[in-house]
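Engineer: everything below, folded, please.
(2 chains)
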Amino acid sequence: MSNELGFTPNEMMTIAASRALKGDDVCFVGIGAPSAACNVARLTHAPDITLIYESGTIGTAPDVLPLSIGDGELCDTAVTTVSVPEMFRYWLQGGRISIGFLGAAQIDRFGNINTTVIGDYAHPKTRLPGGGGAPEIATSSKEIYITMAQSKRGMVEKIDFYTSFGHGDGGDHRKRLGIDTAGPTLLITDLAIWKPDPVTKEFTVVSLHPGGTREKVQETCGWTVKFAEEVATTPAPTELELKTLRDLQARTKAAHEGTAKGKAA
Amino acid sequence: MAKFLPLSQAVADNLKDGDAVAFEGFTHLIPTAAVHEAIRQDFKDLTLIRMTPDLVYDQMIGMGMVKKLIFSYAGNPGVGLLRRLRDAVENNWPRAIELEEHSHAAMANAYEAGAAGLPCAIFRGYRGAELAKVNPNIKSIECPFTGEKLAAVPAVRPDVTFIHAQKANKKGDVLIEGIIGIQKEAVLAAKRAVVTVEEVVDDFDDVHPNLTVLPHWTVTAISVVPGGAHPSYTHGYYIRDNASYLEWDKIAAERDQFLAWMQKNVMESKPEDFAGRVENLRDAK
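Structural biologist: Numbers count the residues shown, from 1 in each chain, chains lettered A, B, ... in the order given. So this is what the prediction gives:
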């Protein structure tokens, strides 16, 4: 699983994403990659972080990563569990979320996200699950972090459907729509850390992960990549970060595979 | 007044062809046994409502029972896409299906509006979201006090809602614990409500006074079906059968394989079979 660096690009992505979170953040956790990053943060430098899953669990501290956003483990370890309408009304719409952490099937350079369809909406080539909580997470959270592995299919010039609004066409597009939250402020991929240009809002590479190069970033991205004037190198994962992530993943694997199977769904 | 009925009768009495029906549950407490009974009774032209359509909705869609789906996230939780839904949307198999697609915030607000007896829900949502362009039921309204533009969607008012819950007492009051999702709102928004439960106890005298309890007069019928939420879980009774969710991805991949599985595990099966399916999942709760 590891390369000559001693860690995989995916591990670097998760750990770089975890570092962006702080102990006083209230983080609305999206399914998949964000969930691992948020829990690594909680288990390393941000033990006091509040993790919220849309199933209603507030301040959850799962020992293993949930397979879905509604696993019993999330409720068992939460400070409190509220109903779904309360979650979306009081906690998200009420402005209590500092970071909405999302994954994406398709993203463009302005952090607009598509999780609805590939192709035309009425006659899609691939029908994806849809927005779920994301359309309002994207506009009601104070800031949005996005994490995804790079690919030409995922990072595209034009997304097929605007499920969740990022910076729209760039610039002050959010403000023009009356959206007063910051929107996407950070994109962490398996190769780099990206931040929006202060004026155009186009995602710009500010740091390359160890082993990541400008060429690799461009080869796996569907738009012409902009790099910051000074591109940093992301510090490699520490021993503690790697061990925390790998232990978490091992516990998760054991827990999910160990589940005795019933006879029929 | 809640009537205690065998599941087959509770379903037959409360569901009709053409109904708008919600089988609600948010990963937890999915009313699988009720759905399987509805499949055996072969209802047609249903409008299905659910925030998170999952395996059981894939099954009803694949069996050709559904003309319209109102939803906000259609996926196999933790696994991926719903293959029978995809086949219906992408290839019209076994029939074309109409989609009315929302966000979670919209659906949650719409159920709450239904429970509250309001015609519509108003919330801060859909800003910049393209769903507002493809779904004519997403409109906007101006706040009469501040002038803020807010989203409006019609209230959800199902003809009938089915849920699964931990327990009922002898009077028919129903207790829901853990991730309570949208179930209370879905029951109160509906004209009729059917609840499957793990067990019936004498009374709720020893439960915490602030737990989620549906009084017996808000519920039409109760059926005792131990294990009735399998392969999802019932908090305090049995854990989630993750392997079944993974397996569904393969079963649902091919039409013939799907139909054969449905024949064996649903059509030739009965509500009492659910208890055995969770036997090995109880210890680890």
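
Engineer: contacts, neighbours, all on C-alpha from now
Structural biologist: OK.

Engineer: chain B: strands as residue ranges?
Structural biologist: With DSSP state E as the criterion, chain B has strands at B:3-4, B:20-23, B:46-50, B:66-71, B:98-101, B:120-123, B:139-142, B:149-154, B:160-169, B:174-176, B:192-201, B:212-214, B:221-224.

Engineer: isn't B:Arg124 up against B:Cys143?
Structural biologist: No - with contact defined as Cα atoms under 8 Å, B:Arg124 and B:Cys143 do not form a contacting pair (10.6 Å).

Engineer: counting neighbours around each, name which of these two comes out higher.
Structural biologist: Neighbours were counted for B:Arg124 and for B:Cys143 using other Cα atoms under 10 Å in any protein chain shown; B:Arg124 has more, 19 against 11.

Engineer: quick one: residues contacting that one.
Structural biologist: A:93, A:136, B:150-151 (Cα atoms under 8 Å, 6 or more residues apart in numbering or on different chains).

Engineer: give the residues shared as contacts by B:Arg124 and B:Cys143.
Structural biologist: With contacts defined as Cα under 8 Å, 6+ apart, the residues shared by B:Arg124 and B:Cys143 are B:Leu150.

Engineer: hmm, back to that, got the contacts of B:Arg124 as JSON lines, with distance to A:Tyr53 and neighbour count columns?
Structural biologist: JSON lines is the format used below for the contacts of B:Arg124 (distance: Cα to Cα, whole Å; neighbours: other Cα atoms under 10 Å in any protein chain shown):
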{"residue": "A:Gln93", "distance to A:Tyr53": "14", "neighbour count": "20"}
{"residue": "A:Glu136", "distance to A:Tyr53": "14", "neighbour count": "27"}
{"residue": "B:Leu150", "distance to A:Tyr53": "25", "neighbour count": "16"}
{"residue": "B:Ala151", "distance to A:Tyr53": "23", "neighbour count": "19"}
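
Engineer: for the chain, longest helix please?
Structural biologist: All of this is about chain A. For chain A, the helix with the greatest residue count under DSSP state H is helix A:239-257.

Engineer: could you do chain B instead?
Structural biologist: Max-length helix for chain B by DSSP H is helix B:104-115.

Engineer: measure stretch A:221-229 end to end?
Structural biologist: 19 Å (Cα to Cα, to the nearest Å).

Engineer: what about it, average pLDDT?
Structural biologist: For stretch A:221-229, the mean per-residue pLDDT is 98.

Engineer: with stretch B:264-274 instead?
Structural biologist: 98.

Engineer: quick one: buried residues of it?
Structural biologist: Buried residues in stretch B:264-274, defined by neighbour count with 16 or more other Cα atoms under 10 Å in any protein chain shown: B:265-267, B:271, B:273-274.

Engineer: among those, which are in helices?
Structural biologist: B:273-274.

Engineer: any idea which of the buried residues of stretch B:264-274 is closest to chain A?
Structural biologist: Distance ranking of these against chain A, using Cα to the nearest Cα, places B:Asn265 first at 6.4 Å.

Engineer: give me the buried positions along stretch B:23-41.
Structural biologist: Neighbour-count burial for stretch B:23-41, counted by 16+ other Cα under 10 Å, picks out B:23-40.

Engineer: near chain A, which of these show up?
Structural biologist: B:26-28 (Cα under 8 Å from any Cα of the partner chain).

Engineer: got JSON lines for these, with pLDDT too?
Structural biologist: Listed next are these as JSON lines, based on pLDDT from 0 to 100:
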{"residue": "B:Phe26", "pLDDT": "94"}
{"residue": "B:Thr27", "pLDDT": "93"}
{"residue": "B:His28", "pLDDT": "97"}
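
Engineer: let me see the contact set for the nearest residue to A:Glu86 once chain neighbours are set aside.
Structural biologist: Leaving aside its chain neighbours, A:Glu86 sits nearest to A:Gly56 (7.8 Å; criterion: Cα to Cα, 6 or more residues apart in numbering or on different chains). The contact partners of A:Gly56, by Cα under 8 Å, 6+ apart, come to A:81-84, A:86-87, B:179, B:181.

Engineer: could you dump those residues to TSV with pLDDT and distance to B:Gly18?
Structural biologist: Converted to TSV, those look like this (pLDDT from 0 to 100; distance: Cα to Cα, whole Å):
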residue	pLDDT	distance to B:Gly18
A:Thr81	97	35
A:Val82	97	33
A:Ser83	97	29
A:Val84	98	28
A:Glu86	98	31
A:Met87	98	32
B:Ile179	97	30
B:Gly181	97	26
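
Engineer: from the residues you listed, which land in helices?
Structural biologist: Filtering these for helices - DSSP H - leaves A:84, A:86.

Engineer: any weak-confidence spans in chain B?
Structural biologist: Along chain B, the parts satisfying pLDDT under 70 run over B:283-285.

Engineer: close to chain B: what parts of the stretch 1-150 of chain A are there?
Structural biologist: A:31-32, A:55-57, A:67-72, A:75-76, A:81-85, A:88-89, A:93, A:121, A:123-136, A:139.

Engineer: what about burial for those, which qualify?
Structural biologist: Buried among the residues of the stretch 1-150 of chain A next to chain B by 16+ other Cα under 10 Å: A:31-32, A:55-57, A:67-72, A:75-76, A:81-85, A:88-89, A:93, A:124, A:126-136, A:139.

Engineer: and those, which of them are in helices?
Structural biologist: Filtering those for helices - DSSP H - leaves A:72, A:75-76, A:84-85, A:134-136, A:139.

Engineer: for the longest helix of chain B, packing partners?
Structural biologist: Applying 3 or more Cα pairs under 8 Å, 6 or more residues apart in numbering or on different chains; DSSP states H and E, one finds that helix B:104-115 makes contact with helix A:84-86, strand B:120-123, strand B:149-154, helix B:183-189.

Engineer: next up, the contacts around the nearest residue to B:Pro154 once chain neighbours are set aside.
Structural biologist: Nearest non-adjacent residue to B:Pro154, counting by Cα to Cα, 6+ apart: B:Cys120, 4.2 Å away. Going by Cα under 8 Å, 6+ apart, B:Cys120 touches B:110, B:113-114, B:152-155.

Engineer: pull up the gap between B:Cys120 and chain A, please.
Structural biologist: Using Cα to the nearest Cα, to the nearest Å, we find B:Cys120 at a distance of 15 Å from chain A.

Engineer: related to what we said a few turns ago, tell me the angle the longest helix of chain B makes with strand B:66-71.
Structural biologist: If you take axes from the mean of the first three to the mean of the last three Cα atoms, to 10 degrees, helix B:104-115 sits at 110 degrees to strand B:66-71.

Engineer: what subset of the buried residues of stretch B:264-274 is also close to chain A?
Structural biologist: Checking the buried residues of stretch B:264-274 against chain A (Cα under 8 Å from any Cα), the matches are B:Asn265.
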